[in-house]
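Chemist: Please work out how this folds:
(chains A, B, C and D)
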There are 2 protein chains.
Amino acid sequence: MKIPSSSISRISLYYRALLSVKEASVVSSEEVSLLTGFSAAQVRKDLAYFGQFGTPGRGYSIEILKKELKKILGTDREWDVALVGTGNLGSALLAYKGFKHQGFNIKYAFDNDKKKINKLRQGVRIRPIDDLPQIVRDKKISIAIVAVPQESAKDVIDKLIDSGIKAILNFAPKRSKVPETIELLNIDLSMELERLTYFLQRGQK
Amino acid sequence: MKIPSSSISRISLYYRALLSVKEASVVSSEEVSLLTGFSAAQVRKDLAYFGQFGTPGRGYSIEILKKELKKILGTDREWDVALVGTGNLGSALLAYKGFKHQGFNIKYAFDNDKKKINKLRQGVRIRPIDDLPQIVRDKKISIAIVAVPQESAKDVIDKLIDSGIKAILNFAPKRSKVPETIELLNIDLSMELERLTYFLQRGQK
DNA sequence: TAGATTGTTAATCGATTAACAATC
DNA sequence: TAGATTGTTAATCGATTAACAATC
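Modeler: Have a look, this model is predicted:
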């Protein structure tokens, strides 16, 4: 069955919403709807893609649902992450508490600036990009975050893929073609701002 | 006519693609398709939402199309932006060259950490959040970037809206309800990483 | 004119919503 | 049992793709 990718994003948000429920052990799709702003039908549909987690007439056990959602998202375990690029943005991501909190450990950091090599940042030693293939392979890293300047993005992404990386979160404003077996997710900050100015420019939604 | 919001994102990418064309003065939708990976029909459709910019049999004049796309996106002018939160992420955004390059000037920065107040960062003076309403109003700022911790996000966003802000790019992993007249765009980094682990966890697209 | 390519309409595809039988 | 709420099917809505007449 084909699962819309927007459904996955919503499941992340359902999970967060559940964390905020303190006073109950069961929620209905209607209550999740209230908490997240998505329709109750949408909530039930999204959950139903992955199994039958609820009890008709009662709702969903929060404990069980949290466990199941974590399993779906793959966050029922910790993930080691490689960061490429330790400029302003890379450093900010390295320091970002939210990642560790969700089980993402940026354990390896790479840069090609000689002055940074072997420096510690947030307890992580910065390594030369030349060391990337060996580390990714030896440590079996699946996830990389790319925060390098536009002009190096393609090379870095190619190198990551050659080294066996499986999933990439890319902040460089440059789209690369990747094989179908690799998941590449682009976050393009200027593009997002342009969605805002589009809205401002035309004066309404 | 209803314009899909994904169309706006694509228009940003068409614009970028046009910047990379050096050897021609005209492009066809087929060529834009090759450059961006979207279908030629999609390209024509997206452009047709906004006008008739092409010439049948010839294609689109690159010069004209670039100008029109800028107009659509509202990037035919510069925008002053207010940044709230100058922690790691906020500072990285302040230093990000890409924004200025696209005509976004982060001209005002706010924080509630007394030690930071009045310090210069990237040439921008950090002001107390208490000064925010007056500055936003007096300087007629339309766009704010919110990079504060989760727990302050709601207050900051409410304060921005009360002060007359029109559009918000929010990096706090916390969704706020805003009036319909305000454009709120959330970038949730952990959610994006969870889309990657979902993919890894289930082993295929 | 013949060839190329737009702008637009119609067809298809996919995602969301509504409805409701099943069931606790 | 009566009331509540799930899981699922069918209906609707919206976005993408295909097709082609218009036109340079």
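Chemist: distance of the closest residue to DNA strand C within chain A from DNA strand D?
Modeler: Relative to DNA strand C, the nearest point of chain A is residue A:57 (2.3 Å; CB to the nearest atom of the strand). In this view, the C-beta of every residue, glycine as well, is placed from N, C-alpha and C. Residue A:57 is 3 Å from DNA strand D, where distance means CB to the nearest atom of the strand, to the nearest Å.
Chemist: what helix or strand does residue A:75 sit in?
Modeler: Under the criterion of DSSP states H and E, residue A:75 resides outside all helices and strands.
Chemist: Count the neighbours of the residue lying closest to it once chain neighbours are set aside for me.
Modeler: Residue nearest to residue A:75 in three dimensions, not counting chain neighbours: residue A:103, with 5.4 Å by CB to CB, 6 or more residues apart in numbering or on different chains. When counting by other CB atoms under 10 Å in any protein chain shown, one arrives at 18 neighbours for residue A:103.
Chemist: Looks like residue A:103 contacts residue A:79 (just checking).
Modeler: Yes: Residue A:103 sits in contact with residue A:79 when judged by CB atoms under 8 Å, with a separation of 6.3 Å.
Chemist: picking up where we left off before, number of residues surrounding the residue of chain A closest to DNA strand C?
Modeler: Neighbouring residues of residue A:57 were enumerated by other CB under 10 Å; the total is 6.
Chemist: Repeat that for residue A:200.
Modeler: When neighbours are counted by other CB under 10 Å, residue A:200 registers 15.
Chemist: Residue B:166 is in contact with that one, correct?
Modeler: Yes: taking CB under 8 Å as the definition, residue A:200 is a contact partner of residue B:166 at 5.7 Å.
Chemist: For those two, list the residues in contact with both.
Modeler: Taking CB atoms under 8 Å, 6 or more residues apart in numbering or on different chains as the contact definition, residue A:200 and residue B:166 share the neighbouring residues B:142-143, B:183.
Chemist: Please report which of those has the highest neighbour count.
Modeler: residue B:143 (23 neighbours).
Chemist: give the contact list for that residue.
Modeler: In this structure, residue B:143 makes contact with A:193, A:196-197, A:200, B:79-82, B:104, B:165-169, judged by CB under 8 Å, 6+ apart.
Chemist: any weak-confidence spans in chain A?
Modeler: Where chain A drops to pLDDT under 70, the residues are A:203-205.
Chemist: can you give me the strands for it?
Modeler: Secondary structure of chain A, counting by DSSP state E: strands at A:26-27, A:54-55, A:59-61, A:79-84, A:104-111, A:120-121, A:124-128, A:143-146, A:167-170, A:183-186.
Chemist: that older thread, which of the shared contacts of residue A:200 and residue B:166 lies closest to residue B:98?
Modeler: Each of the shared contacts of residue A:200 and residue B:166 was scored against residue B:98 by CB to CB, and residue B:143 proved nearest at 15.1 Å.
Chemist: partners of the closest one in the sheet?
Modeler: According to DSSP bridges, the partner residues bridging residue B:143 are residue B:81, residue B:167.
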